[in-house]
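> sequence first, then the predicted structure, then my questions.
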Amino acid sequence: MKLFEKYSIGDLELKNRIVMSPMTRSRADSNGVASDLAQIYYSQRASAGLIISEGSQISSQGVGYTNTPGIYTKEQIDAWSKITDKVHQNDGKIFLQLWHVGRVSHSSFHNGAAPVAPSAIAVEGKTFTYEGMKDFSTPKALEIDEIKQIVKDFGIAAENAKSAGFDGVDIHGAFGYLLDQFLESGSNHRTDAYGGSIENRSRFTLEVIEEVLKVWSSNRVGIKLSPSNLFNSMFDSNPQETFSYLIEKLNDYNLGYLHLMQPQLPADKLPENYIKDVISTFRPIYKGNLIANAGYTRDKAIETLESGLADMVSFGSLFISNPDLPKRFALNADLAMPDKKTFYQGGEKGFIDYPFLND
Ligand SMILES: Cc1cc2nc3c(=O)[nH]c(=O)nc-3n(C[C@H](O)[C@H](O)[C@H](O)COP(=O)(O)O)c2cc1C
């Protein structure tokens, strides 16, 4: 079965097609330095064909949550180096997810200054800060020179990821964060070269990719997109057109992979023109390696790979509670269910204490 077979992404050999999806675990310190516990957490999961790390902010401007790691200071790079060493010692492969949250932040993370976004449109609702729950801040619309600087920051972060010993980088283009905010019409009301037409709304994402490709060879760069996501107040007037344009363009770059999320809401909760099956919609358009994500089970993953709908499948929450998920899938063994209360609470519990089979 393909799920358990080796797979090559250019010169990168993966021991199976089971990918650990990026997951924020909020165990870093308040300076964005990953905790020593994360060395254990990631190396426990090194039997994945590929681990994609939790989102890691590319700059202090990119942060939006408490205790998430960064990749822009020496201490942060050193902490990540210890993690990549441990993963490699266990024969694993790991990419770093490069993250800028844009408007999904709060001014308390920025010494009182507004977070930044394509347009001054706030996310609805509240967010968790070091000072408790607060309304999302109204962001400041970025000036062109500030956009150019963020593109450069992605390049510097990609360079730092290389220094930290990662095998590659994953660009976070999903879930309503900065790249997605530029892409989707609901959060981008700009009238300059970065807004309006689909071509203009895609410009920032393509510039970020091109900057990162100055640092890494193309097979070592992936991107994650979520065309049917409404989380973080996201909306696009025509996701089919928007994402078809972008995904078609991605073919030009020969990236390591495109990581696509299925909708996380049931079809009847999505707007009528939203895509209900993201993978089968975009498989014919995307010519490179495709990772399918969101809600996959062992059997659905096997079926998806055998039918050629995707090349790899990623698992999020199941990898939290099953450090040896590939072995459990291979044996068709029972799976442990994750405890949501410990997803973000910090500490060892729910992080490094999920048992392996036969423990
Ligand atoms: C605790 C938790 C944290 C997450 N953090 C991130 C993140 O930092 N970056 C990202 O791209 N997706 C993040 N996700 C989404 C997962 O990568 C994945 O897309 C989602 O969980 C669906 O896959 P699943 O159904 O296998 O869990 C997170 C999910 C969970 C459960």
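Nice, thanks for sending it over. Residues are numbered from 1 along each chain as shown.
> quick check: phi and psi at whichever residue of the stretch 51-200 of the chain sits closest to the ligand.
Closest approach between the stretch 51-200 of the chain and the ligand, counting by C-beta to the nearest ligand atom: Gly55, at 3.3 Å. Glycine gets a C-beta too; all of them are placed from N, C-alpha and C. Main-chain dihedrals, Gly55, degrees, to the nearest 10: phi -60, psi 130.
> how far away is it from Leu179?
12 Å (C-beta to C-beta, to the nearest Å).
> these two - which one has more neighbours?
A count of neighbours by other C-beta atoms under 10 Å puts Leu179 above the other of Gly55 and Leu179, at 29 against 26.
> for the more buried one, helix, strand, or coil?
Following DSSP: H, G, I helix; E, B strand; the rest coil, Leu179 is assigned to helix.
> skipping adjacent residues, who's closest to it in space?
Excluding the flanking residues, the one nearest Leu179 by C-beta to C-beta, 6 or more residues apart in numbering is Gly173, at 4.1 Å.
> now Gly155
That would be Glu211: by C-beta to C-beta, 6+ apart, it lies 4.0 Å from Gly155.
> the ligand contacts on the chain?
Contact residues, the chain versus the ligand (C-beta under 6 Å from any ligand atom): 21-24, 54-55, 97, 172, 174-175, 224, 261, 293-296, 315-318, 343.
> repeat the analysis, applying 8 Å as the threshold.
21-25, 52, 54-55, 68, 97, 99, 170, 172, 174-175, 224, 226, 259, 261, 264, 293-296, 314-320, 338, 340, 343-344 (C-beta under 8 Å from any ligand atom).
> of the residues you listed, buried ones?
21-25, 52, 54-55, 68, 97, 99, 170, 172, 174-175, 224, 226, 259, 261, 264, 293-294, 296, 314-316, 318-320, 338, 344 (16 or more other C-beta atoms under 10 Å).
> thinking again about what came up before, which neighbours do Gly55 and Leu179 have in common?
Listed as contacting both Gly55 and Leu179 by C-beta atoms under 8 Å, 6 or more residues apart in numbering are His172.
> so the residue nearest to Gly155 sits against Ile156, correct?
No. Glu211 lies out of contact with Ile156 (C-beta atoms under 8 Å); the separation is 9.1 Å.
> ok, back up a step: how deep is the residue nearest to Leu179 tucked in, by neighbour count?
Using other C-beta under 10 Å: Gly173 sits among 25 other residues.
> just give the nearest non-adjacent residue to the residue of the chain found nearest the ligand, would you?
Proximity of the chain to the ligand (C-beta to the nearest ligand atom) peaks at Gly316, 2.7 Å away. In space, and not counting its chain neighbours, Gly316 is closest to Ser21: 4.0 Å by C-beta to C-beta, 6+ apart.
> what sits against the one you found?
Contacts for Ser21 were tallied using C-beta under 8 Å, 6+ apart; they are Ile52, His259, Asn293, Ser314, Phe315, Gly316, Phe319.
> which pair in the residues you listed has the greatest spatial separation?
By the measure C-beta to C-beta, His259 and Phe319 form the most distant pair in those, at 14.2 Å.
> which SSE is the residue nearest to Gly155 in?
Following DSSP states H and E, the helix or strand that holds Glu211 is helix 198-212.
> surely Gln89 is in contact with Ile40?
No. In this structure, Gln89 is not within contact of Ile40 by C-beta under 8 Å, at 12.0 Å.
> who's more crowded, these two?
Set Gln89 next to Ile40 and count neighbours by other C-beta under 10 Å: Ile40 wins out with 17 against 11.
> starting at the chain centroid, how far to stretch 142-160?
18 Å (C-alpha atoms, centre = their mean, to the nearest Å).
> and for stretch 171-180?
8 Å.
> how far does that stretch stretch from start to finish?
From the first residue to the last, stretch 171-180 extends over 11 Å; the measure is C-alpha to C-alpha, to the nearest Å.
> quick one: mean pLDDT over it.
For stretch 171-180, mean pLDDT rounds to 98.
> for that stretch, give me every contacting residue.
Stretch 171-180 has contacts (C-beta under 8 Å, 6+ apart) with 22, 55, 62, 64, 97-104, 116-117, 123, 150, 154, 183, 187, 204-205, 208-209, 212, 221-226, 229, 231-234, 259, 261.
> burial check on Gly132, number of neighbours?
Counted with other C-beta under 10 Å, the neighbours of Gly132 add up to 8.
> how about the helices in this protein?
37-44, 74-89, 144-163, 178-183, 198-212, 239-250, 278-282, 298-306, 317-321, 325-331 (DSSP state H).
> so which of the ones you listed is the most packed in?
Stretch with highest mean neighbour count among the helices of the chain: helix 178-183 (a mean of 28; mean count of other C-beta atoms under 10 Å).
> the nearest residue to Ile58 once chain neighbours are set aside: what's it in contact with?
With sequence-adjacent residues excluded and distances taken as C-beta to C-beta, 6+ apart, Ile58 is closest to Ala157, at 3.7 Å. Taking C-beta under 8 Å, 6+ apart, we find Ala157 in contact with Ser56, Ile58, Ser59, Ile71, Tyr72, Leu98, Val169.
> ok, the second one touching Gln97?
No. With contacts defined as C-beta under 8 Å, Ile58 does not count as touching Gln97, sitting 10.1 Å away.
> so what's Ser187 closest to, chain neighbours aside?
Gln181 (4.2 Å).
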